[in-house]
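**Q** no FASTA, just this:
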């Protein structure tokens with residue numbers, strides 16, 4: 001597998017981790033000191049990122065994060081990847097029947113590690129939202 005494909009696999013692994021709620025899979029997505037900007041306060045460190053994901057999706061119903069149109073630039077042991085995201089979130093519990101969907105873009109900076117490519121910096125830019133964020137959260 002070439003670097004471009006390996007970078008895309010790392011980025012796509014994030015969506016798999018979220019949709020299957022396999023939080024340990026995030027160890028194979030982010031560096032331990034990764035930074036994230038998802039529109040709120042910036043986060044630093046894998047555990048902070050994992051906490052955000054668990055807190056946001058832990059009480060949510062089914063989700064589907066679709067990623068596409070990956071644009072990858074590799075420069076030695078660093079890479080940049082920009083891709084489109086469409087993420088659907090179904091409500092559960094008191095929010096059953098509700099939904100939240102976003103259309104946006106992930107901008108990632110990756111580094112090659114001994115274990116493979118990992119995201120060192122990620123930002124999400126939301127372009128459009130449908131539904132209510134009330135379906136998110138514990």
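**A** Sure thing, it's come through. Everything quoted here is computed from the prediction, not taken from an experiment.
**Q** Look at the closest residue to residue 105 other than its chain neighbours and say how many residues are nearby.
**A** Spatial nearest neighbour of residue 105, excluding adjacent residues (C-beta to C-beta, 6 or more residues apart in numbering): residue 125 at 4.9 Å. Where C-beta positions appear, they are placed from N, C-alpha and C, glycine not excepted. Other residues near residue 125 number 13, with proximity taken as other C-beta atoms under 10 Å.
**Q** If you count neighbours, what's buried in the helix or strand in which residue 125 is found?
**A** With elements taken from DSSP states H and E, the one containing residue 125 is strand 116-131. Of the residues in strand 116-131, those scored as buried under the neighbour-count criterion (16 or more other C-beta atoms under 10 Å) are 117, 118, 119, 120, 121, 122, 123, 124.
**Q** cool, and stretch 97-113?
**A** 98, 99, 100, 101, 102, 104, 106, 107, 108, 110, 112.
**Q** residue boundaries of the strands in this structure?
**A** 30-37, 43-44, 63-75, 78-90, 99-113, 116-131 (DSSP state E).
**Q** Format the ones you listed as TSV; extra columns: distance to residue 53.
**A** Below are the strands of the chain laid out as TSV (distance: least, C-beta to C-beta, whole Å):
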stretch	distance to residue 53
strand 30-37	10
strand 43-44	10
strand 63-75	10
strand 78-90	12
strand 99-113	14
strand 116-131	11
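**Q** Make JSON lines from the ones you listed and add mean pLDDT and distance to residue 5 to it.
**A** Rendered in JSON lines, the data for these read as follows (pLDDT from 0 to 100; distance: least, C-beta to C-beta, whole Å):
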{"stretch": "strand 30-37", "mean pLDDT": "98", "distance to residue 5": "19"}
{"stretch": "strand 43-44", "mean pLDDT": "98", "distance to residue 5": "28"}
{"stretch": "strand 63-75", "mean pLDDT": "98", "distance to residue 5": "9"}
{"stretch": "strand 78-90", "mean pLDDT": "98", "distance to residue 5": "11"}
{"stretch": "strand 99-113", "mean pLDDT": "98", "distance to residue 5": "13"}
{"stretch": "strand 116-131", "mean pLDDT": "98", "distance to residue 5": "10"}
